[in-house]
Each structure stands twice: as C-alpha cells, then as structure tokens.
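>>> Need coordinates for the following:
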Amino acid sequence: VDLTVAIEVGVVLAIVLFVRRVMQTSNISKSLEGAMSGVQIAQSSGQPGASATIHVRGIGSISANQSALIVVDGVPYEGSLNQIAPSDIESMTVLKDAAANSLYGARGSNGVVLVTTKKGQSGKVKVTFENRTGLNMRGVPTYDVLDDPKEYYELYWESIRNQQLTTGKSYLEAGQYASNNLVANLGGYNCYNVANELLVDPITGRLNPAAKLLYHDDWLEEAFEPGLRQENVISFSGGTDKTQYYASLGYLNDDSYTVNSDLQRINARVKVDQQVNKWFKVGVNLAYSNVKTNSPNVGGTN
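Below is the predicted model:
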C-alpha cells in the first residue's frame, strides 16, 4: 500500500503556504477566473459556495439563457457547481465556437465547460489525505463612516434645520424645531444622559456640553470578523489492468467574514471502470453531496 499524506495550510487573500499548488476555493467555477481568455465569471454574491455564472461568448441575448453548458464526465450537469469538491476534479476544459456546437448542438451555443473527475490508475492502492485550513477576511478596508455619536447628532440636526429653512422658518425657529424633533426622527435613539430636546443647542447646533455618553456600539465590528475555512478530504485509488477504482470522502466548513454566513458540505464519490473484454468496457460513477448554507439575508427575502 502506497500511503501519501498531503497537508496544506493557507490564508485566503494573504500569504499562502502550499505543499502542492491547489486553489483555495469552495466552488470550482472560481478556478476558471483568469485562466482562459474570453471566459467571464460573474459572481453575484459573496456568500460561501454561491454559484457563479460562466459566460464563454459574452452576453449574446437579453432574454435567452446566456450561461455556458456544464458537462461532467460526458453528461450535461444541471446541479450547482458548489456541490462538486475541487479535490475531485482532474481537469477542466472550455469549448468555444464550432467545437461546442458540433458536440452538443444548440445546447452548446453559449460555450461548454467540460469537467473531468479523477479516476483510478492501475497499480498499488494509493491513499491520500488532504487538509486545507485558512481564513476568510475582507479584501478591502472599511469605508470611512461616521463613528462618533457627537458628530452624527450634530450633522443630523443640521440636515433637519436646513430642511426647515426651506419652509420659510427663521434660523432660530428652524434650529428649535430641529432640537425638539432630532431624537424622534432617529427613532428615539438617544445614547446620552440629557433630555431629547436638550441634546443639541438650537442656536449653535453643537452637542450639549453637559451630555455624557451612556453607551456606544460599533456595529461594523459586530458584523464582520475573520472566518475559519477548513476542508478535509481522504481518497483511495488503485486497480489492476482490467479494473480501476477511485473513491473519496470530504468535509468542508467555510465560515464567511460576515456573521451568520457559512457553508458546510459533505461530498463522496465512487468511480469504477471495468474492462470486461477487448471490446466491452463498463463504468460506474456515483456522487453524493450534502450542502448546507446560512445567509445573513441582506436582500430582505426569505
């Protein structure tokens, strides 16, 4: 028995240390980004495991399907690409122009992505274990936003005062109206220890010097934090001149940098090829995938 253990440690969007070169991704469609000219990958969501749209020939229609045809081991694939573990992929090929139409007809009019999964090779049993551990974090810095309650209340007071000036009120009347209605317009949110109407001076528009801050929450820090990504895969392959087999079992836990956003995937694959005689060969290719995702539901839909 030939036992091979490959351990990989990486940090997504940072320095990655490889035992062998493997792209750190939960979705194999991300592996095509920048790999071939003319292939466009449209990712509409940052949700872990979210499927990307693959355009091989650009956007040729505003009403018909524009995505490329996905073919896995010679069979058109209707499922989501995030259900296929990247560790099970042997190769990926993109067909364009006449080659796609000649093989798949009208279904290949938008291009074809051929996915070939791994298979067993004749020889000793080979056992491979892979562990990939990394971090998901924001690739861009936090936007420059108001994080000082004092500055926020004063600017909001000024916006109310300016709006009231357009109705014909004097500066004093508009300032008094803004002071009296400031907290009400903010939904009753007052984090200082003074009365609502005394929070901002109606003449100067500045926060009451006697106001003491009771509490302050930084919601950006609550919403974003580094997420751990860990994937474990074990595979077996081998065979004889007439029989080759490949089997794999994997588990992925991918936490996003957004709270309550993650992906868990359990996948298994069994592939057996049997040469019955010189002219007859049969094969079995079975795959199982169980994917669970949690989303922060920022879109407002269930």
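>>> Check what pLDDT residue 170 gets.
Listed pLDDT for residue 170 reads 92.
>>> Ok, residue 31 next?
So residue 31 comes in at 68 (pLDDT).
>>> which regions of the stretch 1-150 of the chain sit below the pLDDT cut-off?
Applying pLDDT under 70 to the stretch 1-150 of the chain flags residues 1-27, 30-38, 43-44, 46, 57-65.
>>> Then the stretch 151-300 of the chain?
In the predicted model, the stretch 151-300 of the chain carries pLDDT under 70 at residues 297-300.
>>> just the strands in it please.
227-239, 243-255, 262-275, 281-294 (DSSP state E, counting those that start in this stretch).
>>> quick one: the longest helix seen in the chain to chain centroid distance?
Ranked by residue count under DSSP state H, the longest helix found in the chain is helix 149-165. Centroid separation for helix 149-165 versus its chain: 38 Å, with C-alpha atoms, centre = their mean, to the nearest Å.
>>> Which strands or helices does that helix pack on?
helix 171-185 (3 or more C-beta pairs under 8 Å, 6 or more residues apart in numbering; DSSP states H and E). C-beta: built from backbone N, CA, C; applies to glycine.
>>> if we look at the helix it packs on, which residues are touching it?
Contact partners of helix 171-185, identified using C-beta atoms under 8 Å, 6 or more residues apart in numbering, comprise 153, 156-158, 160-162, 164-165, 169, 189-190, 196-203, 205.
>>> Swap in 10 Å and give it another go.
153-154, 156-170, 189-190, 192, 195-205, 208 (C-beta atoms under 10 Å, 6 or more residues apart in numbering).
>>> buried subset of the residues you listed?
153-154, 156-157, 160-161, 164-165, 169, 190, 192, 196, 199-200, 202, 205, 208 (16 or more other C-beta atoms under 10 Å).
>>> Tell me the backbone dihedrals of residue 68, please.
phi -70, psi 150 (degrees, to the nearest 10).
>>> how about the nearest residue to residue 286 once chain neighbours are set aside, what does it touch?
Using C-beta to C-beta, 6 or more residues apart in numbering and skipping residues adjacent in sequence, the residue nearest residue 286 is residue 270, 4.7 Å away. The contact partners of residue 270, by C-beta under 10 Å, 6+ apart, come to 236, 245-249, 284-288.
>>> Now the buried members of the residues you listed.
By 16+ other C-beta under 10 Å, those give 236, 245-249, 285, 287 as buried.
>>> now those as a markdown table including distance to residue 70?
Rendered in a markdown table, the data for the buried ones among the contacts of residue 270 read as follows (distance: C-beta to C-beta, whole Å):
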| residue | distance to residue 70 |
| --- | --- |
| 236 | 27 |
| 245 | 25 |
| 246 | 21 |
| 247 | 23 |
| 248 | 20 |
| 249 | 23 |
| 285 | 15 |
| 287 | 14 |
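>>> any idea how far stretch 187-207 is from the chain center?
In this view, stretch 187-207 has its centroid 42 Å away from the chain centroid, taken as C-alpha atoms, centre = their mean.
>>> would TSV of the strands of the stretch 151-300 of the chain with distance to residue 174 be doable?
Putting those into TSV (distance: least, C-beta to C-beta, whole Å) gives the following:
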stretch	distance to residue 174
strand 227-239	48
strand 243-255	49
strand 262-275	49
strand 281-294	47
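>>> Isn't residue 51 up against residue 77?
No: between residue 51 and residue 77 there is no contact under C-beta atoms under 10 Å: 11.5 Å.
>>> joint contacts of these two?
Here residue 51 and residue 77 share the contacting residues residue 83, scored by C-beta under 10 Å, 6+ apart.
>>> quick revisit: look up how far residue 240 lies from the residue nearest to residue 286.
17 Å (C-beta to C-beta, to the nearest Å).
>>> now do residue 259
52 Å.
>>> quick one, which of those two is more surrounded?
residue 259 (14 against 11; other C-beta atoms under 10 Å).
>>> Residue 290 contacts residue 265, correct?
Yes: if you go by C-beta under 10 Å, residue 290 and residue 265 touch, sitting 7.0 Å apart.
>>> what is in contact with the two at once?
83, 251.
>>> Distance of residue 53 relative to residue 78?
For residue 53, the distance to residue 78 equals 15 Å [C-beta to C-beta].
>>> my bad, residue 215
Applying C-beta to C-beta to residue 215 and residue 78 gives a distance of 52 Å.
>>> And residue 91, by the same measure?
Taken as C-beta to C-beta, the span from residue 91 to residue 78 is 21 Å.
>>> now swap in residue 219 and tell me
Distance from residue 219 to residue 78, by C-beta to C-beta: 40 Å.
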